[in-house]
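**Student:** this one's sequence-less:
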Ligand code: SF4
């Protein structure tokens, strides 16, 4: 469905271009849910915007290919990409209140997509299509909601409105969901995730689910990609990754998951020490070295590790993955999360 090859995105900096996505390659198949995880500042949202060809200026995609059904999105002109954006590839952003325009009704915002992509439809047909989609994504009383403004709706319904906007054309083949549940409370989050899984199965869409929350990935995704400092550091099917994460950063993320049953009350939640490095001043060698409990200066600080396939479909970017003991924390597996 989509294949990203050697993507590089740069922003200008005081002492030269800053590479914020570096040599990133991944693919998502038809009907597949790929979870993309990493801390803030790792480049996840910028990857989503790159796929949509919406990298904010002065940032630029400087090399690579994004093949969608065989066509390179990066070589299409603006009118060609507009035909695809919102039609075959849609995006749902993190905070529905800021994604929706407060001065237009939700019906207006949903049907606007049809006005652009389906200009032949009459106004009453657009309204009817919007009501059908709103109902399908679980919005009760769609007739009433259609004429309401975003501030009159709860966070969960606003998020369902954004999902309606993303699906309204009926042709979506790739849905990019950037932290779609972060702003929601836990029960609504579970409902929205269930809705994603249901819609993805119904439409056989590819879904790129971006989150900083590994438990969201465990519940929904088929494969997981982990990003750090603009690069992919590990990618694998969900079960092998949760059962045997190989990259020290992935292990740090897993240990940071709250574990109600296994951790004594009042114990501190483990964290990954330090912060994501400044991309304008990356160290030589592995960018995770300063935070890595397994790093060794002589092995890790001279060259950037390359992404290596360590077993079927399981890739990791670490010089020392063979020497790192098998993951033995009490982190729950994908199945038990
Ligand atoms: Fe840690 Fe070295 Fe692996 Fe980097 S290459 S993650 S520093 S062990």
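**Tutor:** Perfect, I can see it now. Predicted model only: the values in this text are computed from it and were never measured.
**Student:** tell me where the stretch 1-150 of the chain has strands.
**Tutor:** 2-11, 18-28, 33-37, 60-68, 71-72, 89-92 (DSSP state E, counting those that start in this stretch).
**Student:** any buried residues in the fourth one, and which?
**Tutor:** In this case it means strand 60-68. By neighbour count on 16 or more other CB atoms under 10 Å, the buried set for strand 60-68 is 61, 64, 65, 66, 68. Any C-beta I mention is one placed from the backbone N, CA and C, and that applies to glycine too.
**Student:** picking that back up, out of the strands of the stretch 1-150 of the chain, which gets nearest to the ligand?
**Tutor:** The ligand lies closest, by CB to the nearest ligand atom, to one member of those: strand 18-28, at 14.9 Å.
**Student:** can you pick out the most distant pair from the buried residues of strand 60-68?
**Tutor:** 61 and 68 (14.2 Å; CB to CB).
**Student:** circling back: from the buried residues of strand 60-68, which shows the smallest pLDDT?
**Tutor:** Ranked by pLDDT, those bottom out at residue 68, which scores 94.
**Student:** so who does that one touch?
**Tutor:** Contacts for residue 68 (CB atoms under 8 Å, 6 or more residues apart in numbering) come out as 1, 2, 84, 88, 89, 173, 174.
**Student:** list just the nearest of the residues you listed to residue 56.
**Tutor:** Nearest to residue 56 among the contacts of residue 68 is residue 89, at 17.9 Å by CB to CB.
**Student:** what separates the residue nearest to the closest one when sequence neighbours are not counted from residue 225, distance-wise?
**Tutor:** Distance criterion CB to CB, 6 or more residues apart in numbering; nearest residue to residue 89, sequence neighbours excluded, is residue 174 at 4.6 Å. Computed as CB to CB, to the nearest Å, the residue 174 to residue 225 distance reads 15 Å.
**Student:** those two: which is more packed in?
**Tutor:** The residue with more neighbours, out of residue 174 and residue 225, is residue 225; 25 against 21, by other CB atoms under 10 Å.
**Student:** quick check, that one in contact with residue 26.
**Tutor:** Yes: between residue 225 and residue 26 a contact is recorded at 5.7 Å, counting by CB atoms under 8 Å.
**Student:** what residues are shared contacts of these two?
**Tutor:** What both residue 225 and residue 26 touch, as defined by CB under 8 Å, 6+ apart, is the set 34, 232, 235.
**Student:** restricting to those, which residues neighbour the ligand?
**Tutor:** Counting by CB under 6 Å from any ligand atom, nothing from the shared contacts of residue 225 and residue 26 sits close to the ligand.
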